[in-house]
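> Have a look at this prediction, sequence included:
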Amino acid sequence: MLLRQDMLWFGCSATLSREGEQHVLQNAGFQSLGCNPWQTEVLRTSIDRPDLFICVRPIPRGKLSSFETLYFLLDAAMEMDKATPEHIPKTIIFIDSVGKPSVAVREYHIDGA
(Lines give C-alpha, C1' and ligand atoms only; values in the text may rest on other atoms or scores of the structure.)
Protein backbone atom coordinates (compact mmCIF):
# COMPACT_ATOMS: atom_id res chain seq x y z
CA MET A 1 0.00 0.00 0.00
CA LEU A 2 1.45 3.35 -1.05
CA LEU A 3 -0.87 5.78 0.73
CA ARG A 4 -1.27 5.98 4.50
CA GLN A 5 -4.85 5.44 5.62
CA ASP A 6 -4.83 8.48 7.93
CA MET A 7 -3.59 10.96 5.33
CA LEU A 8 -5.55 13.07 2.88
CA TRP A 9 -4.12 12.88 -0.62
CA PHE A 10 -4.71 14.85 -3.79
CA GLY A 11 -3.89 13.55 -7.24
CA CYS A 12 -4.21 15.49 -10.46
CA SER A 13 -3.75 14.56 -14.09
CA ALA A 14 -4.80 16.12 -17.36
CA THR A 15 -3.91 13.05 -19.40
CA LEU A 16 -4.87 9.99 -17.36
CA SER A 17 -7.09 7.61 -19.31
CA ARG A 18 -10.05 5.89 -17.63
CA GLU A 19 -8.06 2.63 -17.66
CA GLY A 20 -5.09 4.38 -16.07
CA GLU A 21 -7.36 5.96 -13.47
CA GLN A 22 -8.76 2.54 -12.55
CA HIS A 23 -5.25 1.14 -12.23
CA VAL A 24 -4.20 3.99 -9.93
CA LEU A 25 -7.35 3.73 -7.81
CA GLN A 26 -6.96 -0.02 -7.38
CA ASN A 27 -3.20 -0.23 -6.87
CA ALA A 28 -2.05 2.97 -5.17
CA GLY A 29 -3.89 2.43 -1.90
CA PHE A 30 -6.79 4.83 -2.36
CA GLN A 31 -9.93 4.14 -0.34
CA SER A 32 -13.08 3.02 -2.14
CA LEU A 33 -14.91 5.62 -4.21
CA GLY A 34 -17.61 7.61 -2.42
CA CYS A 35 -18.39 10.99 -0.89
CA ASN A 36 -18.17 9.98 2.77
CA PRO A 37 -15.21 10.98 4.95
CA TRP A 38 -12.08 8.95 4.15
CA GLN A 39 -13.47 7.76 0.83
CA THR A 40 -11.95 8.68 -2.50
CA GLU A 41 -13.78 11.26 -4.58
CA VAL A 42 -12.93 11.74 -8.24
CA LEU A 43 -13.59 15.19 -9.69
CA ARG A 44 -13.61 15.68 -13.44
CA THR A 45 -13.57 19.10 -15.02
CA SER A 46 -13.46 20.40 -18.54
CA ILE A 47 -10.03 20.70 -20.10
CA ASP A 48 -11.26 23.61 -22.22
CA ARG A 49 -9.34 26.53 -20.74
CA PRO A 50 -10.03 29.76 -22.63
CA ASP A 51 -8.03 31.63 -19.97
CA LEU A 52 -4.81 29.89 -21.06
CA PHE A 53 -2.54 31.53 -23.57
CA ILE A 54 0.53 29.96 -25.13
CA CYS A 55 3.22 32.40 -26.13
CA VAL A 56 6.37 31.24 -27.89
CA ARG A 57 9.11 33.85 -28.09
CA PRO A 58 12.41 32.97 -29.67
CA ILE A 59 15.50 34.24 -27.91
CA PRO A 60 17.51 36.48 -30.26
CA ARG A 61 21.01 35.45 -31.29
CA GLY A 62 23.54 36.46 -28.67
CA LYS A 63 20.92 36.68 -25.90
CA LEU A 64 20.79 33.01 -24.90
CA SER A 65 22.52 33.57 -21.59
CA SER A 66 20.97 36.90 -20.54
CA PHE A 67 17.25 35.99 -20.15
CA GLU A 68 16.37 39.67 -20.63
CA THR A 69 13.78 38.60 -23.21
CA LEU A 70 11.69 37.32 -20.27
CA TYR A 71 11.25 40.78 -18.76
CA PHE A 72 7.99 41.24 -20.71
CA LEU A 73 6.49 38.92 -18.08
CA LEU A 74 7.18 41.56 -15.44
CA ASP A 75 5.51 44.49 -17.22
CA ALA A 76 2.56 44.34 -14.83
CA ALA A 77 4.80 44.06 -11.76
CA MET A 78 5.42 47.81 -11.45
CA GLU A 79 2.86 50.54 -11.07
CA MET A 80 3.96 54.13 -10.45
CA ASP A 81 7.31 53.06 -8.94
CA LYS A 82 5.58 50.57 -6.65
CA ALA A 83 6.12 46.81 -6.88
CA THR A 84 2.88 44.99 -7.71
CA PRO A 85 3.91 41.33 -8.14
CA GLU A 86 0.32 40.22 -7.57
CA HIS A 87 -0.47 41.56 -11.05
CA ILE A 88 1.89 39.12 -12.77
CA PRO A 89 -0.26 36.46 -14.44
CA LYS A 90 0.41 32.83 -13.57
CA THR A 91 3.25 31.84 -15.83
CA ILE A 92 5.19 28.73 -16.75
CA ILE A 93 8.56 29.21 -18.41
CA PHE A 94 10.17 26.23 -20.11
CA ILE A 95 13.95 26.32 -20.25
CA ASP A 96 15.50 23.26 -21.87
CA SER A 97 18.33 22.91 -19.35
CA VAL A 98 18.99 21.75 -15.80
CA GLY A 99 21.22 24.62 -14.66
CA LYS A 100 19.92 27.57 -16.66
CA PRO A 101 16.70 28.19 -14.64
CA SER A 102 18.72 28.93 -11.51
CA VAL A 103 20.94 31.25 -13.57
CA ALA A 104 17.81 33.06 -14.82
CA VAL A 105 16.50 33.48 -11.27
CA ARG A 106 19.86 34.76 -10.00
CA GLU A 107 20.10 37.21 -12.89
CA TYR A 108 16.60 38.51 -12.24
CA HIS A 109 17.32 39.02 -8.55
CA ILE A 110 20.54 40.88 -9.34
CA ASP A 111 19.22 43.01 -12.23
CA GLY A 112 15.62 43.38 -11.11
CA ALA A 113 16.09 43.87 -7.38
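In hand now; what should we look at?
> My guess is residue 89 contacts residue 77. True?
No - using Cβ atoms under 8 Å, residue 89 makes no contact with residue 77, being 10.4 Å away. (Glycine included, C-beta is placed from N, CA and C.)
> Which residue of the two possesses the greater neighbour count?
residue 77 (15 against 8; other Cβ atoms under 10 Å).
> can you tell me which residues contact the more buried one?
83-85, 87-88 (Cβ atoms under 8 Å, 6 or more residues apart in numbering).
> run the last query once more with 10 Å
71, 83-88, 112 (Cβ atoms under 10 Å, 6 or more residues apart in numbering).
> residue contacts, residue 69?
57-60, 63.
> got it, and residue 89?
Neighbour list for residue 89: 51, 53, 73, 76 [criterion: Cβ under 10 Å, 6+ apart].
> closest to residue 22 among the contacts of residue 77?
residue 88 (39.3 Å; Cβ to Cβ).
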